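S.K.: Below: sequence and its predicted model.
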Amino acid sequence: MNFKEYIRVIEDFPQPGISFKDITTLLNNGPVYREVIQELARQLKNKQIDLIAGPEARGFVIGAPLAVELGVGFVPIRKSGKLPGKTIEADYALEYGKDKLAMHDDAIKPGQKVLIADDLLATGGTIATSINLVNQLGGDVIGAAFLIELEELNGREKLGAIDIVSLVKY
Ligand SMILES: O=P(O)(O)OC[C@H]1O[C@H](OP(=O)(O)OP(=O)(O)O)[C@H](O)[C@@H]1O
Ligand SMILES: Nc1ncnc2[nH]cnc12
């Protein structure tokens, strides 16, 4: 399936110079959304994964259904101030801004194999910080999965030696 034709591109959002890849036009198509999740699951089927972690908010839209499809748990990586328990936090920068991400300090057991999932890899700032948080909790990040990769931003280079799966490249 050609997923790209279901993704809408909006120029200069949220700021001038950014070519925004809008996945809402894919998510509202049930069969296409399901095929995205099933295709990611197919590409990951030989990996041993204990948990999927996904950053708020679009990481939930990919990571949670992928966790259900693979039969593993899901851990939300949230923007600061949203999680009720004790957290660890880290500042980060992304293609068009900066923020702070947080995880519950007991979200992952040491040694668990974690896949990080998100809708889109741009500069890699969000995922590099997500990997850092998972590592701080003793998790072993074995890979990352994305619907979209913006190749010219070289996000892969920030992520070290982990396996990376992405379905649509710009
Ligand atoms: O590779 P990077 O340069 O870090 O950019 C990618 C991140 O940017 C977007 O999230 P955003 O922070 O806009 O939040 P949202 O999911 O809540 O829309 C996207 O969903 C990725 O998480
Ligand atoms: N160009 C882009 N489109 C959609 N989401 C993004 N997150 C970071 N860069 C983005």
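M.R.: Looks like it arrived, so ask away. Ligands and ions are numbered 1, 2, ... in the order given.

S.K.: ok so Leu66 is a strand residue?
M.R.: No. Secondary structure of Leu66 (DSSP: H, G, I helix; E, B strand; the rest coil): helix, not part of a strand.

S.K.: So it sits against Ala117, correct?
M.R.: Yes. Leu66 lies in contact with Ala117 (CB atoms under 8 Å); the separation is 5.4 Å. C-beta coordinates here come from the backbone N, C-alpha and C atoms, glycine included.

S.K.: higher neighbour count, those two?
M.R.: Applying other CB atoms under 10 Å to Leu66 and Ala117 shows that Ala117 carries more neighbours, namely 30 against 23.

S.K.: element containing the more buried one?
M.R.: If you go by DSSP states H and E, Ala117 is part of strand 113-121.

S.K.: Specify the beta-bridge partners of the spatially most central residue of the chain.
M.R.: By CA atoms, centre = their mean, the chain has its centre lying nearest to Asp118, at 1.8 Å. Per DSSP bridges, the residues bridged to Asp118 are Phe146.

S.K.: shared neighbours, Leu66 and Ala117?
M.R.: Each of Leu40, Ile52, Ala145 lies in contact with both Leu66 and Ala117 under the rule CB atoms under 8 Å, 6 or more residues apart in numbering.

S.K.: Give the single residue among the residues you listed positioned nearest to Ala102.
M.R.: Distance to Ala102, by CB to CB, is smallest for Ile52 among the shared contacts of Leu66 and Ala117, at 17.3 Å.

S.K.: Surely the closest one touches Gly63?
M.R.: Yes. If you go by CB under 8 Å, Ile52 and Gly63 touch, sitting 4.9 Å apart.

S.K.: between the two, what contacts are shared?
M.R.: Phe74, Ile116, Ala117.

S.K.: could the residues you listed go into CSV alongside pLDDT?
M.R.: Converted to CSV, the shared contacts of Ile52 and Gly63 look like this (pLDDT from 0 to 100):
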residue, pLDDT
Phe74, 98
Ile116, 98
Ala117, 98
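
S.K.: Output those of the residues you listed also counted as contacts of ligand 1.
M.R.: Restricting the shared contacts of Ile52 and Gly63 to those within reach of ligand 1 (CB under 6 Å from any ligand atom) leaves nothing.

S.K.: need those residues in JSON lines with distance to Gly124, can you?
M.R.: Shown next, in JSON lines, are the shared contacts of Ile52 and Gly63 (distance: CB to CB, whole Å):
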{"residue": "Phe74", "distance to Gly124": "22"}
{"residue": "Ile116", "distance to Gly124": "11"}
{"residue": "Ala117", "distance to Gly124": "14"}
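
S.K.: I'd like to know how far Ile77 sits from ligand 2.
M.R.: To ligand 2, Ile77 is 15 Å away according to CB to the nearest ligand atom, to the nearest Å.
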